[in-house]
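[1] how does the following fold in three dimensions:
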Amino acid sequence: MQYDAVIGGNTGDHKVGAGGIVGLGYDYFFNYNWSLGGGVEFSALAGKTAFPLINDKYVTGMPAFLGGNQRIQFHTQGNDFYERQRAYYINIPIMARYQFDLFKGHKFYAAAGPKIGIPVDGTYRSKGELETTGFLFENGEPSSKDRYESMPEHGFGKNMNNYKGDLDLKVNIMASLEAGVKWRFKENKKWHLYTGLFADFGLNDIVKGNDKITKAEHFYAFQGPNPNDYKTSSMFYAAQGNEGSHPTAYVTNRVNTFAFGVKARVSYGIKPFDKKEKIAKIAEEKKYEGLTADQMEDIMGRNTKALIDAQNKEFEDLKKLISEQDPDLTGSITGFDLGKKDILPAMCPELDRKVALMKKYPKAKVVLEGHTDDYGSDKLNNQLGLDRANEVKAYMMERGIASSRMSVSTKGKAVPAIPNANDNARRYNRRVEFILVQ
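    Model (predicted):
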């Protein structure tokens, strides 16, 4: 909360306190870039001010210990005085949002709009040492010889103040701004994470009663008959006194809210209700009403065949496109050490090339088929071929290729690429082949 506080000519050290906001919302997208959002938030706001020294004085009447027919000028001095305020609001935001692509499906966004805050609760707490004295007030002047102090039974003396009270707050009208990055979760286009900066600017005074000086309260009210039942007014309501009986100037003339910080938000995208689509779905379902089991089986068989034919055509088109434009997606990674499964540095450039091509063709799936040379038993070589395929798969996954797009198998030493005539040929046969599959 923002305000300027002055007591006895002394300007306090004011700071905005720590708070927070939590909430739920909904954004409706008119198109790819623009959306309008609303929702509900719970916000906690705070402010605090410290005064090394504060003073107040005013005339009050007829304390009982003076016979009930005298008046005194009451003085208050506070040392190392501190007050903290907290306000809690339910906010209703209405935000216009714009977004555009940055990189790899992530977006920049900016939003602006009004917020209406409904007050839920407001509290304040003050601490510090209060020293009170009184002067007998005669003929319109305080008498210096009749000074009352060190009389705690009558409300004069030093007192450690530790008072809690409530704040009476108005509806808060705010202007809100927000900007940041909308991150898309991997392999899921519906989930997003928003991270950014925000600022909420309060446009009105949130304290009730600040429009009429008659509602002002003294910073510390004299409680002669009940000195232990003291009350320290909040800076939001307190007014400075003078030698008369009524305060004349507020300590704080205006209190506005101001919130800023970092905001994180998780969103899930749902498809809006489409009336035409719903009608079409109902009509599609009605087509099958009253059909016999044989008729339904025939329809299902034709639908299944059409789906398989479409999938086969899509795969053949993809395979043709890759063979014509990027044949390096298939082929082999060769050169494993004898009896070893480890990927060697010399293999990395070719593996990185295949990673890039798998990202270029997101619908492509491959079998990683492991092979060995002719040294060793069939059992040993079958396991070694599988281990090499799994090592390649792990390498690809670490670089962003989904596990579901790669399967592994082994041929061991059964299918050499070239005869195992010498060590160079054997080294070439120690390989993992990339085979495009549907």
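
[2] quick check: chain neighbours aside, which residue is closest to residue 193?
    Leaving aside its chain neighbours, residue 193 sits nearest to residue 183 (4.5 Å; criterion: C-beta to C-beta, 6 or more residues apart in numbering). The way it works is simple: take the backbone N, C-alpha and C, and place the C-beta from them, glycine included.

[3] any stretches of the stretch 101-250 of the chain with poor pLDDT?
    138-145, 186-189, 209-216, 224-225, 227-230, 240-250 (pLDDT under 70).

[4] at 90 instead, please
    By pLDDT under 90, the low-scoring segments of the stretch 101-250 of the chain are 101-107, 124-170, 182-193, 202, 204-250.

[5] which residues in it form strands?
    For the stretch 101-250 of the chain, the strands defined by DSSP state E, counting those that start in this stretch cover 106-138, 141-148, 157-166, 172-184, 191-202, 217-218, 238-240, 249-250.

[6] among these, which comes closest to residue 417?
    Of all these, it is strand 172-184 that lies closest to residue 417, at 40.9 Å by C-beta to C-beta.

[7] from the chain's centre, how far out does the closest one sit?
    10 Å (C-alpha atoms, centre = their mean, to the nearest Å).

[8] what about residue 47, helix or strand, and which?
    Taking DSSP states H and E as the criterion, residue 47 maps to strand 34-61.

[9] which helices and strands sit right next to that strand?
    Packing partners of strand 34-61 (3 or more C-beta pairs under 8 Å, 6 or more residues apart in numbering; DSSP states H and E): strand 6-7, strand 10-11, strand 13-16, strand 20-29, strand 71-103, strand 106-138.

[10] could you rerun that using 6 Å?
    Counting contacts by 3 or more C-beta pairs under 6 Å, 6 or more residues apart in numbering; DSSP states H and E, strand 34-61 packs against strand 13-16, strand 20-29, strand 71-103.

[11] surely residue 182 touches residue 192?
    Yes. Look at residue 182 against residue 192 with C-beta atoms under 6 Å: they come within range, at 5.3 Å.

[12] quick check, central residue of the chain?
    With the centre of the chain defined as its mean C-alpha position, the nearest residue by C-alpha atoms, centre = their mean is residue 264, 1.9 Å away.

[13] what sits against that one?
    Taking C-beta atoms under 6 Å, 6 or more residues apart in numbering as the criterion, residue 264 is in contact with residue 195.

[14] next one: it from residue 193, what distance?
    7 Å (C-beta to C-beta, to the nearest Å).

[15] now do residue 328
    Taken as C-beta to C-beta, the span from residue 328 to residue 193 is 35 Å.

[16] same question, residue 21
    17 Å.

[17] what does residue 291 give?
    Distance, residue 291 to residue 193, using C-beta to C-beta: 47 Å.

[18] between the two, tell me which one has more neighbours.
    Shown here are residue 291 and residue 193; by other C-beta atoms under 10 Å, residue 193 has more neighbours (15 against 12).

[19] how far does stretch 29-36 stretch from start to finish?
    Start-to-end span of stretch 29-36 (C-alpha to C-alpha, to the nearest Å) is 7 Å.

[20] and the contacts of it?
    27-28, 96-99.

[21] list only buried entries from the residues you listed.
    Buried subset of those (neighbour count, 16 or more other C-beta atoms under 10 Å): 27, 97, 99.

[22] need the contact list for the last one.
    The neighbours of residue 99, taking C-beta under 6 Å, 6+ apart as the test, are 33, 107, 109.

[23] go ahead and confirm the second one touches residue 181.
    No. No contact is recorded between residue 107 and residue 181 when judged using C-beta under 6 Å, the distance being 7.1 Å.

[24] which stretches in the stretch 301-438 of the chain count as strands?
    Counting by DSSP E, counting those that start in this stretch, the strands of the stretch 301-438 of the chain are 331-334, 365-371, 406-412, 431-437.

[25] please identify the most buried of the ones you listed.
    For the strands of the stretch 301-438 of the chain, ranked by mean neighbour count under the definition mean count of other C-beta atoms under 10 Å, the leader is strand 365-371 at a mean of 22.

[26] can you add distance to residue 127 and give the strands of the stretch 301-438 of the chain back as JSON lines?
    Formatted as JSON lines, the strands of the stretch 301-438 of the chain follow (distance: least, C-beta to C-beta, whole Å):
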{"stretch": "strand 331-334", "distance to residue 127": "72"}
{"stretch": "strand 365-371", "distance to residue 127": "68"}
{"stretch": "strand 406-412", "distance to residue 127": "65"}
{"stretch": "strand 431-437", "distance to residue 127": "72"}
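
[27] need those strands in JSON lines (columns: distance to residue 400 and mean pLDDT).
    Listed next are those as JSON lines, based on distance: least, C-beta to C-beta, whole Å; pLDDT from 0 to 100:
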{"stretch": "strand 331-334", "distance to residue 400": "18", "mean pLDDT": "90"}
{"stretch": "strand 365-371", "distance to residue 400": "15", "mean pLDDT": "94"}
{"stretch": "strand 406-412", "distance to residue 400": "12", "mean pLDDT": "93"}
{"stretch": "strand 431-437", "distance to residue 400": "17", "mean pLDDT": "92"}
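
[28] nearest to residue 319, out of those?
    Evaluated with C-beta to C-beta, these place strand 431-437 nearest to residue 319, the distance being 5.7 Å.

[29] the closest one: partners in the sheet, and parallel or antiparallel?
    strand 331-334 (antiparallel), strand 365-371 (antiparallel) (DSSP bridges).

[30] and those: which comes nearest residue 149?
    Proximity to residue 149, assessed across the strands paired with strand 431-437 by C-beta to C-beta, is greatest for strand 365-371 (90.7 Å).

[31] determine the longest helix present in the protein.
    If you go by DSSP state H, the chain has its longest helix at helix 293-325.

[32] list the buried residues of that one.
    Quick answer for helix 293-325 (16+ other C-beta under 10 Å): 315, 318-319, 322.

[33] please identify which of those is nearest to residue 237.
    residue 318 (73.9 Å).
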